[in-house]
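Q: Quick one: sequence plus predicted model below, questions after.
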Amino acid sequence: MGLVSSLASDEIQEPMKSMKTTRRGILALAAGATFSAWPASAEAPSQPDEAPAGSNQADFDQVWELVRDRFYDPHLNGLDWQEQRARFRPDAASARSREDAAVAINAMLAKLGASHTHFYTPEDPAYYQLADIFVGALEHRGLERVFPRGEVSYPGIGVFTEIDNQGRTFVTGVIEGAPAHQAGVLLGDEIVSADSRPFRPVSSFRGKVGSPVALEIRRASGVAPIAISVSPADLHPNEMFLRGLKASARVIVAGEARIGYVHVWSYASRRIQSALEDLMSEGPLKDADALVWDLRGGWGGAQPEYLDLFNPRAPTMQVKGRDGETGFVDVKWRKPVAALINEGTRSGKEVLAYGFKEYRLGELVGHRTEGAVLAATAFLIGDDGLLLLAVEDVLVDGQRLEGVGVTPTIEVPFDWHYAAGGDPQLDRAVQVLARS
């Protein structure tokens, strides 16, 4: 699944704060909740697959115009944009469904050769996740027309999936605490079917929130699938990512060492960083001897200043109120740390990975990051489309990471297909820290 970065401007964009001091970020997450039962009501309304030809054509034209007027490179990477319109518009106009039209639109967008530039439909969880990440901008762009009261949610189980060149659907990420995790779905599982029908990450669960859905899962190539029952929930993306962060925090015992672990699925809010600080100062990670900081998969949105968490040359304050309640300000992790990266690490997370490596804060373990470091914003297209569009170029310490990425200090190959939950990159990071 594609992932984001966020540069704040006068309208929301998704890697870092802009260099201009007059700009400010307006990313906001939904209120966090406890890790009790996931909500089982108020699921997103059903979305029809078919769309009128005129609607597809109008969506194409809107996307084409937004790219012409807002894409970060006014020269459109040397493309004749009128020529691209003439080439792809007939395919969108003749498409029999919204999904077919999206294929035509994305074929045109791919010609730009830029990250953070993609068209999404309600059949993709990213449509909802991006709508919630960019809720601040979309509130001024018709969000309530698509999502009543501006509350973004969708029926799902909390996984990231990818379709390979053989048409098989594999799980590339399982968000801790979400329904799939609770049901025992593992990284690398092939999802063969849902209720005996082809699996689709959103429509397979429409009308079934709170009710069991039978997944057929294949854990190894060529073997018979197993059955797993999962109860989908009405997922609010930002809340799901915050819950996933908290639920991921644990301690791994490696010999005499206690290695903390936490997975950051999205950094598109200061609330994520605050929750991470709480986990380290007062939560399950506080007594760990070292830490694995997992930046793989999910979305970006991180601010460069988040690396201050690992700055040993700055103080941490503890405050205590009259009522005896205590808290920490500017939490710092002063014990060994390793970060995990892979090809699913992108955007603002790549900026963090760059700084982590450049300033030698710890070992960077895994695989080269995606190289998707442009600043983006989101637009609602028609009644059921969302355009993520790169609107600003980004340099990090004067260097371009777009199309380049960040290489690890310790390379660990990992083919996650049929991994059955195994994770050699995590294993290596734990091994390194246990020796430190």
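A: Now that the structure is in, tell me what you want to look at. Residues are numbered from 1 along each chain as shown.

Q: Can you list phi and psi of Ile191 for me?
A: The phi/psi pair for Ile191 (degrees, to the nearest 10) reads phi -90, psi 110.

Q: and it, how many residues sit next to it?
A: Neighbour count of Ile191, defined by other C-beta atoms under 10 Å: 25. For every residue, glycine as well, the C-beta is placed using N, CA and C.

Q: Please apply the same query to Val404.
A: 15.

Q: Just confirm it is within a strand.
A: No - according to DSSP: H, G, I helix; E, B strand; the rest coil, the state of Val404 is coil, so it is not within a strand.

Q: you'd agree it is up against Tyr354?
A: No - using C-beta atoms under 8 Å, Val404 is not in contact with Tyr354, being 9.8 Å away.

Q: quick one: the helices in the stretch 1-150 of the chain?
A: 53-70, 81-93, 98-110, 125-133, 135-138, 143-146 (DSSP state H, counting those that start in this stretch).

Q: Can you name every helix or strand that the second one contacts?
A: Going back to what we said before, that points to helix 81-93. helix 53-70, helix 98-110 (3 or more C-beta pairs under 8 Å, 6 or more residues apart in numbering; DSSP states H and E).

Q: pLDDT on the longest one, on average?
A: What helix 53-70 shows for mean pLDDT is 93.

Q: Show me the contact partners of it.
A: The contact list for helix 53-70, computed with C-beta atoms under 8 Å, 6 or more residues apart in numbering, reads 76, 81, 84-85, 88-89, 92-95, 98, 101, 104-105, 108-109, 112, 117, 119, 377, 379, 381-383, 385, 387, 389, 391.

Q: Which members of the residues you listed are classed as buried?
A: Among those, those classed as buried by 16 or more other C-beta atoms under 10 Å are 76, 81, 84-85, 88-89, 92-93, 95, 98, 101, 104-105, 108-109, 112, 117, 119, 377, 379, 381-382, 385, 387, 389, 391.

Q: most remote residue from this structure's center?
A: Going by C-alpha atoms, centre = their mean, the residue of the chain most distant from its centre is Arg322, 40.2 Å out.

Q: before we move on, the earlier item: deepest of the helices and strands packed on helix 81-93, which one?
A: helix 98-110 (a mean of 20; mean count of other C-beta atoms under 10 Å).

Q: which helices and strands sit right next to that one?
A: helix 53-70, helix 81-93, strand 118-120.

Q: So for Thr326, which of those sits nearest?
A: strand 118-120 (43.5 Å; C-beta to C-beta).

Q: then stretch 261-269 to PDB, C-alphas only?
A: C-alpha atoms of stretch 261-269 as PDB (Å, rounded to 0.1, in the frame of the first residue of the first chain):
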ATOM      1  CA  TYR A 261       9.700  -2.800  20.800                       C
ATOM      2  CA  VAL A 262       7.200  -0.300  19.300                       C
ATOM      3  CA  HIS A 263       5.700   0.000  15.800                       C
ATOM      4  CA  VAL A 264       4.800   3.400  14.500                       C
ATOM      5  CA  TRP A 265       2.200   2.900  11.800                       C
ATOM      6  CA  SER A 266       1.500   6.600  11.100                       C
ATOM      7  CA  TYR A 267       3.300   9.700  12.300                       C
ATOM      8  CA  ALA A 268       0.700  12.200  10.900                       C
ATOM      9  CA  SER A 269       0.000  13.800  14.300                       C
END
